[in-house]
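Novice: Pasting the sequence and the predicted model now:
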Amino acid sequence: MFPALSRSARRRLLQVSAALLVLAGVLVWWLVPFGAKTPSGQVTFSTGVPTGVYQRYGKLLQQALARDLPEVRITLTDSEGSQQNLARLASGEADFTLATADAVAQYLRDRRPGFEKLRGCARLYDDYVQLIVPKGSPVETVADLRGRRVGVGQPGSGVRLIADRVLAAAGVTPDVDIVPVSAGIDTMPDLMERRQLDAFFWSGGLPTQAVQELSERLPIRLVPLDFALVDSLHDVGESTRHYRSATIPGDAYGLAQSGNPVDTLAVANILVTTDDADPDLVEGFTRTVIASRDGIGKQVHPAQLVDLRTAIYTEPLPLHEGARRYYRSVKP
């Protein structure tokens, strides 16, 4: 038998044992970390039309996600815009997407398939409604579009939704008073340049590259959308309350505006997923969206306007639990 240990020896033995337990705990934590697991798998992100802000933003975000979530493979798919994006998300064809708040509200209001599954991750930048005409056009107001060929966006786009509403608010019936042309921002500038369009609507971040490039090839200008239109739009119903009066800064499109600001309306964009999405994946996705703001913003200016303080407000959608976890982690 071992001789009895002295009191001081027992104390030293206990201290050494405690130190070994702490060291063992640190090693276990290091080798088998607790908390959120590293997301992995295949994710589809539905963006927008070629040359639109959604697609450009999506491509740059894909690169940032590849760095931050190396075990997640991100596939981008083009779309006609917000309405189609939401339908894809709800049907399981996509896992994440971008959509304007008014399109989301309309989707919920119509109780379209899968509406109850939609969840918000982050409020992003605002879209500005832009009505483009050739510089010498007699069109000064929306009402002046009567009898003219007007690009109103593609059927599944947020542009179509808001163009129809703006026309109606101005007393113009889209299918009767104008010649509506279903086209996206990838084709409308070319149609105007070929004199096949008298005007077109666009809703996007500032500046939109396609509009900027058109202004360098063809003298164009932006038609003001009177702030009274916002009041008329709000009278339509719940899904239109997300529009607000806004001003396009005079330097957004230098050649088209000659330094003059233009009254219009704006609506927020939301990063959307579903309640089926893995919380760890959503948390990582949301973190990258916020962290990549400045890097993406150097190439897509609207991304600079993503703000952590407002990103959490994804109304009319409830916040996904994974996104909520991220916002809690960065709360001061």
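Specialist: Sure thing, it's come through. These figures come from a predicted structure and were not determined experimentally. Numbers count the residues shown, from 1 in each chain.

Novice: Does Gln130 touch Pro224 like I think?
Specialist: No - Gln130 lies out of contact with Pro224 (Cβ atoms under 8 Å); the separation is 10.7 Å. Glycine gets a C-beta too; all of them are placed from N, C-alpha and C.

Novice: Please identify which of those two sits among more neighbours.
Specialist: Higher neighbour count among Gln130 and Pro224: Gln130, with 25 against 18, using other Cβ atoms under 10 Å.

Novice: what residue ranges in this structure are flagged as low confidence?
Specialist: 1-36, 236-239, 332 (pLDDT under 70).

Novice: now the strands for it?
Specialist: Assigned by DSSP state E, the strands in the chain fall at 41-46, 72-77, 96-100, 118-134, 149-151, 179-181, 199-204, 220-222, 244-248, 262-274.

Novice: Save these as JSON lines, and put in distance to Gln304 too.
Specialist: As requested, these are exported to JSON lines (distance: least, Cβ to Cβ, whole Å):
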{"stretch": "strand 41-46", "distance to Gln304": "21"}
{"stretch": "strand 72-77", "distance to Gln304": "21"}
{"stretch": "strand 96-100", "distance to Gln304": "16"}
{"stretch": "strand 118-134", "distance to Gln304": "8"}
{"stretch": "strand 149-151", "distance to Gln304": "28"}
{"stretch": "strand 179-181", "distance to Gln304": "32"}
{"stretch": "strand 199-204", "distance to Gln304": "15"}
{"stretch": "strand 220-222", "distance to Gln304": "21"}
{"stretch": "strand 244-248", "distance to Gln304": "16"}
{"stretch": "strand 262-274", "distance to Gln304": "14"}
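
Novice: Please name whichever of those strands is nearest to Ile296.
Specialist: Nearest to Ile296, of all these, is strand 118-134, at 10.5 Å by Cβ to Cβ.

Novice: now that closest one against strand 262-274, angle please.
Specialist: Our comparison of strand 118-134 with strand 262-274, counting by axes from the mean of the first three to the mean of the last three Cα atoms, to 10 degrees, yields an angle of 150 degrees.

Novice: Extract the C-alpha trace of strand 118-134 and format it as CSV.
Specialist: Output of strand 118-134 as CSV, limited to C-alpha atoms (Å, rounded to 0.1, in the frame of the first residue of the first chain):
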residue,chain,number,x,y,z
LEU,A,118,-41.9,32.2,-46.5
ARG,A,119,-39.5,33.8,-44.1
GLY,A,120,-37.3,36.9,-44.1
CYS,A,121,-33.5,36.9,-43.7
ALA,A,122,-32.6,40.6,-44.2
ARG,A,123,-34.0,43.9,-45.5
LEU,A,124,-31.5,45.0,-48.1
TYR,A,125,-31.5,48.2,-50.3
ASP,A,126,-34.4,50.1,-51.8
ASP,A,127,-35.6,49.8,-55.4
TYR,A,128,-36.5,53.1,-57.1
VAL,A,129,-39.2,53.2,-59.7
GLN,A,130,-37.8,54.7,-62.9
LEU,A,131,-39.9,55.8,-65.9
ILE,A,132,-37.5,56.3,-68.8
VAL,A,133,-38.3,58.2,-72.1
PRO,A,134,-36.2,59.6,-74.9
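
Novice: relative to strand 96-100, how tilted is that strand?
Specialist: Compare the direction of strand 118-134 with that of strand 96-100 by the same axes, to 10 degrees and you get 50 degrees.

Novice: so how far is strand 118-134 from its chain's centroid?
Specialist: Computed by Cα atoms, centre = their mean, to the nearest Å, the chain-centroid distance of strand 118-134 equals 7 Å.

Novice: Now for Leu60: which residues touch it?
Specialist: Contact analysis of Leu60 by Cβ atoms under 8 Å, 6 or more residues apart in numbering lists Ser292, Gly295, Ile296, Gln299, Val300, Ala303.

Novice: I'd like those as CSV, with neighbour count appended.
Specialist: CSV is the format used below for those (neighbours: other Cβ atoms under 10 Å):
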residue, neighbour count
Ser292, 20
Gly295, 13
Ile296, 23
Gln299, 12
Val300, 20
Ala303, 23
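
Novice: Out of the residues you listed, which is nearest to Asp198?
Specialist: Closest approach between the contacts of Leu60 and Asp198, by Cβ to Cβ: Val300, at 29.3 Å.

Novice: Was I right to think that closest one contacts Gly204?
Specialist: No - using Cβ under 8 Å, Val300 is not in contact with Gly204, being 10.6 Å away.

Novice: Which neighbours do these two have in common?
Specialist: By Cβ under 8 Å, 6+ apart, Val300 and Gly204 have these common neighbours: Val53.

Novice: and for Gln130 and Pro224, which residues touch both?
Specialist: Counting by Cβ under 8 Å, 6+ apart, the contacts common to Gln130 and Pro224 are Thr264.

Novice: Please report how far the nearest residue to Leu206 once chain neighbours are set aside lies from Arg293.
Specialist: Closest residue to Leu206 apart from its sequence neighbours, by Cβ to Cβ, 6 or more residues apart in numbering: Ala252 at 4.5 Å. Ala252 sits at a distance of 19 Å from Arg293 (criterion: Cβ to Cβ, to the nearest Å).

Novice: Repeat that for Leu206.
Specialist: Remark: distance between Leu206 and Arg293 (Cβ to Cβ) = 16 Å.
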